[in-house]
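S.K.: below: sequence and its predicted model.
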Amino acid sequence: LDVIDAIFSTRSMRRLKPDPVPESIIWELIDAAIRAPNSGNAQRWGWVVVQDAGTKEQIGGWYLEAWNSLGEGRRAKLKRLVRGLVPGRGTDGSEAEQPVDVNAASGTHLANNLAHAPVWIFAVMQGIEGEPTVVDGADVFPAVQNLLLAARKHGLGATLTMLHRRRDADVSALLGLPPDARALALIPIGYTETPTFSTPKRRPVDTVTHWERWGAARSRPERPPT
Ligand SMILES: Cc1cc2nc3c(=O)[nH]c(=O)nc-3n(C[C@H](O)[C@H](O)[C@H](O)COP(=O)(O)O)c2cc1C
């Protein structure tokens, strides 16, 4: 699996088996995570590995509440977004062409089964006063992506999630975080129910790329056959 293949087959995997993940792999995932860029190499992060059923049940319940409280507006927006991203479907959103709302379905599955994921890793940032800033996030999310890619290498599914943050103070207390630390991401990890590491669905690259100035588009030339 070369790096491009890994990137092109790493997407949110939310249907996970409860089978345990060897500790040696957990170490490797976090060791890969901490190779990421971070400002001034201050490495303000810490990684909390959670496998305890009680902790997972508690936080999983809070996560489910947060998921269920996402308004209809948000769900409708998600639906429209997914419609526009699935190849071969129109963006007009006609019901006849409407694909299954994969994201919402798998999101609901994860929300109802979060505690069954065998390993959770929290990406924690220290030195935060009040609400986390853009830089606080930028300082840790590259590391989270490294972790997701390393999980992919081992055939492990994972998802970057943040809904636990609706109960930020409770989560911090349960994890025993210092006062200036926040759990910015929760990554549930496990072997996947179906080993389908397909390419993440995105708008075509030439629709989001601007040359020299915003709005100056170019078509991407055909790629040579590999
Ligand atoms: C900042 C951020 C927060 C996210 N929070 C959640 C979350 O709480 N729950 C979830 O299931 N997915 C979450 N995701 C994953 C996105 O839903 C997912 O990356 C997106 O829908 C694209 O799907 P893909 O990763 O399968 O390509 C989050 C992603 C990001 C970048």
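M.R.: All right, it came through fine.
S.K.: determine the longest strand present in this protein.
M.R.: strand 182-191 (DSSP state E).
S.K.: which residues sit in contact with the residue nearest the centre of the chain?
M.R.: The centroid of the chain falls nearest to Leu160 when counting by CA atoms, centre = their mean (1.9 Å). Applying CB atoms under 8 Å, 6 or more residues apart in numbering, we find Leu160 in contact with 12, 141, 144-145, 148, 185, 187. Heads up, the C-betas are built off the backbone N, CA and C, glycines and all.
S.K.: roughly how far does it sit from Lys56?
M.R.: According to CB to CB, to the nearest Å, Leu160 and Lys56 sit 17 Å apart.
S.K.: near the ligand, which residues of the protein show up?
M.R.: Within the chain, the positions adjacent to the ligand are 11-12, 14, 103, 107, 110, 159-163, 200 by CB under 6 Å from any ligand atom.
S.K.: so for the longest helix along the chain, what gets flagged as buried?
M.R.: Ranked by residue count, the top helix of the chain under DSSP state H comes out as helix 53-68. Judged by neighbour count using 16 or more other CB atoms under 10 Å, the buried positions of helix 53-68 are 55-56, 58-60, 62-64, 66-67.
S.K.: where does pLDDT dip in the protein?
M.R.: Counting by pLDDT under 70, the low-confidence segments of the chain come to 72-102, 224-226.
S.K.: again, only using 50
M.R.: 86-100 (pLDDT under 50).
S.K.: what ranges do the helices span in it?
M.R.: Going by DSSP H, the chain shows helices at 3-8, 23-33, 53-68, 72-85, 102-113, 134-138, 141-153, 168-175.
S.K.: adding distance to Ser39, write those out as TSV.
M.R.: What follows is the helices of the chain, written out as TSV (distance: least, CB to CB, whole Å):
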stretch	distance to Ser39
helix 3-8	23
helix 23-33	16
helix 53-68	28
helix 72-85	31
helix 102-113	31
helix 134-138	6
helix 141-153	11
helix 168-175	22
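S.K.: so which of these comes closest to Thr194?
M.R.: Across the helices of the chain, Thr194 has its closest neighbour in helix 102-113 (11.3 Å, CB to CB).
S.K.: show me the contacts for Leu16.
M.R.: So Leu16 contacts 113, 116-118, 157, 188-193 (CB under 8 Å, 6+ apart).
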